[in-house]
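Chemist: Have a look; sequence and predicted model below, questions after that.
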Amino acid sequence: DVKVTQSSRYLVKRTGEKVFLECVQDMDHENMFWYRQDPGLGLRLIYFSYDVKMKEKGDIPEGYSVSREKKERFSLILESASTNQTSMYLCASSSRTGWNFGPGTRLTVT
Amino acid sequence: KQEVTQIPAALSVPEGENLVLNCSFTDSAIYNLQWFRQDPGKGLTSLLLIQSSQREQTSGRLNASLDKSSGRSTLYIAASQPGDSATYLCAVSENRDDKIIFGKGTRLHILP
């Protein structure tokens, strides 16, 4: 089974901190994605990547950046965390046979 | 712009009943459609993937159908159980390597 792991299940950070969310997949998938999920808004795409060192903006990239130095790892960076970035963050990887999601990181910014 | 809609937003049914969850999408030019399950506070689990050339997929008590021309998919759950309680999300992909667009989900509660 494809395994997508995320570095933390729960994270509490202060406003203005730089936050790193790490995602690792073990199936050699080319495509990786970061979503955030909020009540009433559903899942919204932040950034995605089709290859190493490649990144594309999703629907809500403002306030975020990403890094993909290795194929298996896709990092989401909050340069200066704000309270409106409190959310559930979900990482995913994909192949032609479907998508696989990580367990999610619930981030609270205080 | 592709939009995915799931109705109803929430559904409660007694245990043992068969039920249908609905998904519609605005642009029929899709590559595939997936149904996911999400338990509270958890990530998403893929249930069924239907390629654009297929009409349906089955896994155990689950059956998903796809009608591309009308922009609709249904997820049929037979003999529902309390363990089926979760949020079910429908998502479409427009290209092989493209991002997928999610509906907002149907929150299902099976009453014991």
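Modeler: That came through, no problem.

Chemist: tell me which element the residue nearest the centre of chain A is part of?
Modeler: For chain A, the residue nearest the mean C-alpha position is residue A:34 (3.3 Å; CA atoms, centre = their mean). For residue A:34, the element it lies in under DSSP states H and E is strand A:31-38.

Chemist: quick one: strands adjacent to the following helix or strand past that strand?
Modeler: Sequence order places strand A:42-49 as the next helix or strand after strand A:31-38, per DSSP H and E. When pairs are called by DSSP bridges, strand A:42-49 turns out to pair with strand A:31-38 (antiparallel), strand A:56-57 (antiparallel).

Chemist: any idea which of those strands is most buried?
Modeler: Most buried of the strands paired with strand A:42-49 by mean neighbour count (mean count of other CB atoms under 10 Å in any protein chain shown) is strand A:31-38; its value is a mean of 22. Backbone N, C-alpha and C define where each C-beta goes, glycine included.

Chemist: which residues are contacting that strand?
Modeler: Strand A:31-38 is contacted from outside by A:21, A:23, A:25, A:43-50, A:58, A:60, A:64, A:66, A:68, A:74, A:76, A:87-95, A:104, B:97, B:99, using CB atoms under 8 Å, 6 or more residues apart in numbering or on different chains.

Chemist: do the same with stretch B:64-74
Modeler: Residues contacting stretch B:64-74 (CB under 8 Å, 6+ apart): B:20-28, B:30, B:33, B:35, B:47-48, B:50, B:52, B:54-58, B:75-76, B:90.

Chemist: Buried residues, it. List them.
Modeler: B:64, B:65, B:66, B:68, B:71, B:73, B:74 (16 or more other CB atoms under 10 Å in any protein chain shown).

Chemist: sorry, back to before: now, of the contacts of strand A:31-38, which are buried?
Modeler: A:21, A:23, A:25, A:43, A:45-49, A:58, A:64, A:66, A:68, A:74, A:76, A:87-95, A:104, B:99.
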